[in-house]
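With the sequence up front, the predicted model follows.
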Amino acid sequence: MMLVQEWLQRHGPFDVVVDGANIARVVNQLRRISPSKKLPLVVLHKNRVTGGPAQHPNNIKLLEGWKNAGALYATPVGSNDDCIDIRSIKV
């Protein structure tokens, strides 16, 4: 979990945290209602960021945008993204 805390220290804090495979539609809406207008932290399992549908050109562009903004965290293999969601809110 130390890697998560270090990452959150560099990129946080966040007003909103989002996880799940089908979140692209809500991220911009959440950004609009966020007090700081920052992108929410998007937490996805690493395989959702590197494989399958993530390889579609539209998804590559979307994921790269979130990554470049410091708003995408890909959980390491074997990690529970729900624990990361809870911990990131406290940062």
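Looks like it came in fine.

helix/strand/coil for the residue most central in space within the chain?
Centroid-nearest residue in the chain, with Cα atoms, centre = their mean: residue 42, separated by 1.8 Å. At residue 42, secondary structure determined by DSSP: H, G, I helix; E, B strand; the rest coil is strand.

can you check residue 74 too?
strand.

I'd guessed it sits against residue 51; true?
No - contact between residue 74 and residue 51 fails when scored by Cβ atoms under 8 Å: they sit 11.1 Å apart. Just so you know, the C-beta spots here come from the backbone N, C-alpha and C atoms, and that holds for glycine as well.

Between the two, which has more neighbouring residues?
The neighbour count for residue 74 versus residue 51, taken as other Cβ atoms under 10 Å, is higher for residue 74 (20 against 10).

Please work out which residues outside the longest helix anywhere in the chain touch it.
When the chain is parsed with DSSP state H, its longest helix is helix 57-68. Here helix 57-68 makes contact (Cβ atoms under 8 Å, 6 or more residues apart in numbering) with 24, 27, 39, 42, 49, 53-54, 72.

For stretch 11-29, what is the distance to the chain centroid?
Relative to the centre of its chain, stretch 11-29 is centred 6 Å away, using Cα atoms, centre = their mean, to the nearest Å.

what are the C-alpha coordinates of that stretch, in PDB please?
Extracted C-alpha coordinates of stretch 11-29, given in PDB (Å, rounded to 0.1, in the frame of the first residue of the first chain):
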ATOM      1  CA  HIS A  11      -1.200  13.600  -7.500                       C
ATOM      2  CA  GLY A  12      -3.800  14.300  -4.800                       C
ATOM      3  CA  PRO A  13      -5.900  15.500  -3.200                       C
ATOM      4  CA  PHE A  14      -9.000  14.700  -5.200                       C
ATOM      5  CA  ASP A  15     -12.600  16.000  -4.700                       C
ATOM      6  CA  VAL A  16     -14.000  12.800  -6.200                       C
ATOM      7  CA  VAL A  17     -12.800   9.200  -6.700                       C
ATOM      8  CA  VAL A  18     -14.300   6.900  -9.400                       C
ATOM      9  CA  ASP A  19     -13.600   3.300 -10.000                       C
ATOM     10  CA  GLY A  20     -15.100   0.800 -12.400                       C
ATOM     11  CA  ALA A  21     -14.800  -0.200 -16.000                       C
ATOM     12  CA  ASN A  22     -17.600   1.900 -17.400                       C
ATOM     13  CA  ILE A  23     -16.900   5.400 -16.000                       C
ATOM     14  CA  ALA A  24     -15.900   7.400 -19.100                       C
ATOM     15  CA  ARG A  25     -19.400   8.900 -19.400                       C
ATOM     16  CA  VAL A  26     -19.500  10.200 -15.800                       C
ATOM     17  CA  VAL A  27     -15.900  11.600 -15.500                       C
ATOM     18  CA  ASN A  28     -16.600  14.900 -17.300                       C
ATOM     19  CA  GLN A  29     -19.900  15.300 -15.500                       C
END
